[in-house]
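Student: structure for the following, please:
(one chain, ligands or ions: 2)
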Amino acid sequence: MTFIADRLKRIKPSMTVGINIKANALRAEGKDVLVLAAGEPDFDTPLNIRKAASEAIDSGQTRYVPGKGTPALQKAIQSKFLNDNNLQYDLDEIIVGVGGKHIIYNAMMATINPNDEVIIPAPFWVSYPDIVLLAEGKPVIVQCPENQNFKITADQLEKNITDKTKWLMLNSPSNPTGSLYSKHELKQLAEVLLEYPNVLVMSDDIYEKVIYDNLEFATIASVEPKLKDRCLTLNGVSKAYCMTGWRLGYCGASKEIIAAMNKIQSQSTTSTSSISMAAAVEALNGPQEFITNHNKAFVRRRDLVVNLLNNIDGLSCLTPQGAFYVYPSCEGVLGKETPEGKEISNDEDFMTYLLESEGIAGVHGAAFGLSPYFRLSYATSDEILKDACARIKRACEKLK
Ligand code: PMP
Ligand code: GLU
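Tutor: Ligands and ions are numbered 1, 2, ... in the order given. Got it, this is the predicted structure:
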């Protein structure tokens, strides 16, 4: 006998959240664990943003606010879309939620009928399939191997569209691979989508600002304006502004979808916190220079980790173009045995071995739908990254 609803049987808890909490708990118990599982910048929220939040508290911005966002935040988001992405959204085409994750959740709940299909290129961010399942949809996972830089091709997209397809999920730069879709690649996907007017596109742009090597970010609604009404352009303050705990994400989409999402929000969370909204206004309207400084640190750490990992026998790692993760292959260690005589048969075994033998916490590739890989976050100090790679090397050398 259980009190728990059947719908919960369809989903599993978030692996990225779970492993991160577990690894931090081990550290708190005094275990020597290096946590490379976190999906968040290690920098503090910039001072001007924190000050804006304190001022909001002191000036009494502590009451209910509109679920879609305060007028000041709605305007800041509208300008952001226009200035950064050349996207003109009316105010009733914008909504704020309790993080980007909540925006995706509300969008799926608002649009998916039972058995509607959602095309999810793998590797994917862990929450996509489970949110779709919660909404009674059917995730259609499309394997996007390393030799196509982990990105879906126009051909793969077309082959997977059926008369039940409701959404395509796009995420660039990607979590977990850091791959970036070029304008040209998005244009090719858009050409397919123009043929299928019933398909919506979720463009998860949450890592938009975390991009390297002078590459240019592009988002599909702007690359193909004829698709704009069918795109949901998702963004948030978690990654670019180091505000993961403030819980604020937003999107632009058609008036119809925004109104439906707002209806759900009005009967669930009402809104995110008024204080976070005031902080997000400052994040979007205030100085942006610190982003360049953060990216300088990230790119240095990326190069450090990619080089060190590629020097380890059994591992190989592509150079990501954005976000703060590497997604190395561990194919070369499969079939080997640990000193305790356990066989490494998959990426989960490998991550368990790294945690138990050397205290390295990362996330196995199976959680992101493409094996045999693992994700490490390099949003941590150079010292920790050097120590982590030395430990991984030692662990790999002990395998027989
Ligand atoms: N999309 C992707 C790809 C992410 O990695 C994250 C961070 N976990 C989110 C969305 C949601 O972030 P948040 O809910 O903190 O805005
Ligand atoms: N996006 C981060 C990650 O992938 C944060 C944890 C989560 O919400 O999944 O690790």
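
Student: how near is the residue of the chain found nearest ligand 1 to ligand 2?
Tutor: When distances are taken as Cβ to the nearest ligand atom, the chain reaches nearest to ligand 1 at G99, 2.7 Å away. Quick note: C-beta positions are derived from backbone N, CA and C, even for glycine. As for G99, its distance to ligand 2 is 8 Å (criterion: Cβ to the nearest ligand atom, to the nearest Å).

Student: what about that residue, how many neighbours?
Tutor: The criterion is other Cβ atoms under 10 Å. On that basis, G99 has 22 neighbouring residues.

Student: centroid-nearest residue for this structure?
Tutor: Averaging the C-alpha coordinates of the chain gives a centre point, and the residue nearest to it by Cα atoms, centre = their mean is N175 (4.7 Å).

Student: who touches that one in this structure?
Tutor: Taking Cβ atoms under 8 Å, 6 or more residues apart in numbering, we find N175 in contact with 39, 125, 206-207, 323, 325.

Student: closest to L354 among those residues?
Tutor: Of all the contacts of N175, the one sitting nearest L354 is Y325; the distance, using Cβ to Cβ, is 15.9 Å.

Student: so that closest one bridges to which residues?
Tutor: On the basis of DSSP bridges, Y325 takes part in beta bridges with S377.

Student: and it, how far from V281?
Tutor: Remark: distance between Y325 and V281 (Cβ to Cβ, to the nearest Å) = 29 Å.

Student: which one of the two has more residues nearby?
Tutor: More neighbours sit around Y325 than around the other of Y325 and V281, counting by other Cβ under 10 Å; the figures are 25 against 22.

Student: my guess is that one meets S179, correct?
Tutor: No: using Cβ atoms under 8 Å, Y325 is not in contact with S179, being 10.3 Å away.

Student: still on that earlier bit, just the ones of the contacts of N175 in strands?
Tutor: Taking DSSP state E, the ones among the contacts of N175 that sit in strands are Y325.

Student: just among the contacts of N175, which is most surrounded?
Tutor: Most neighbours among the contacts of N175, by other Cβ under 10 Å: A323, with 29 neighbours.

Student: give the contact list for that one.
Tutor: A323 sits next to 173-175, 177-178, 207, 210, 239 when contact means Cβ under 8 Å, 6+ apart.

Student: repeat that for 6 Å
Tutor: 173, 175, 178, 207, 210 (Cβ atoms under 6 Å, 6 or more residues apart in numbering).

Student: max pairwise distance over these: which two?
Tutor: Farthest apart among the contacts of A323 by Cβ to Cβ are N175 and V210. That separation is 10.1 Å.

Student: confidence score at the closest residue to E55 other than its chain neighbours?
Tutor: Counting by Cβ to Cβ, 6 or more residues apart in numbering, the nearest residue to E55 once its immediate chain neighbours are dropped is A278, at 7.4 Å. According to the per-residue confidence, A278 scores 98 in pLDDT.

Student: E337 too?
Tutor: The pLDDT attached to E337 in the predicted structure is 97.

Student: cool, and N20?
Tutor: At N20 the predicted local confidence, pLDDT, stands at 89.
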